[in-house]
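> Below is the structure, and that's it, no one-letter string:
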């Protein structure tokens, strides 16, 4: 995967999170469990420094209510 694709996924996940009304700590707690104090994983994904594992990717899409096609840049409509 090239850098441009990684950055598009990062940007779309961040946008989807904001549309869904979640803060980083909320997502960390809901996806990874715990108190949400370690926001680095989600932040790394949203800045393009890391790609989510497939199970995390699916969880994020479901949590935000967006399609995988939107996150991957294959659709401009975020809704499922």
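Thanks, I have it. Please read all numbers here as calculations on a predicted model, not as lab measurements.

> Can you tell me the element the residue nearest the centre of the chain falls in?
Residue closest to the average C-alpha location in the chain (C-alpha atoms, centre = their mean): residue 13, at 3.5 Å. Using DSSP states H and E, residue 13 sits in helix 3-20.

> Show residues contacting that helix.
24, 27, 42, 45-48, 51-52, 60-61, 63-66, 70-73, 78 (C-beta atoms under 8 Å, 6 or more residues apart in numbering). For the C-beta atoms, the positions are set from N, CA and C on the backbone; glycine is no exception.

> Quick one: mean pLDDT for the helix or strand that contains residue 58?
For residue 58, the host element (DSSP H and E) is helix 54-64. The pLDDT scores in helix 54-64 average 96.

> Buried ones among the contacts of helix 3-20?
24, 27, 42, 45-46, 48, 52, 60-61, 63-64, 66, 70-71, 78 (16 or more other C-beta atoms under 10 Å).

> quick one on the thing from earlier: of the contacts of helix 3-20, which belong to helices?
Among the contacts of helix 3-20, the ones falling in helices (DSSP state H) are 24, 27, 42, 45, 46, 60, 61, 63, 64, 70, 71.

> State the distance from the first one to residue 75.
So the one you mean is residue 24. Distance, residue 24 to residue 75, by C-beta to C-beta, to the nearest Å: 25 Å.

> Low-confidence stretches in the chain?
Applying pLDDT under 70 to the chain flags residues 35-39, 80.
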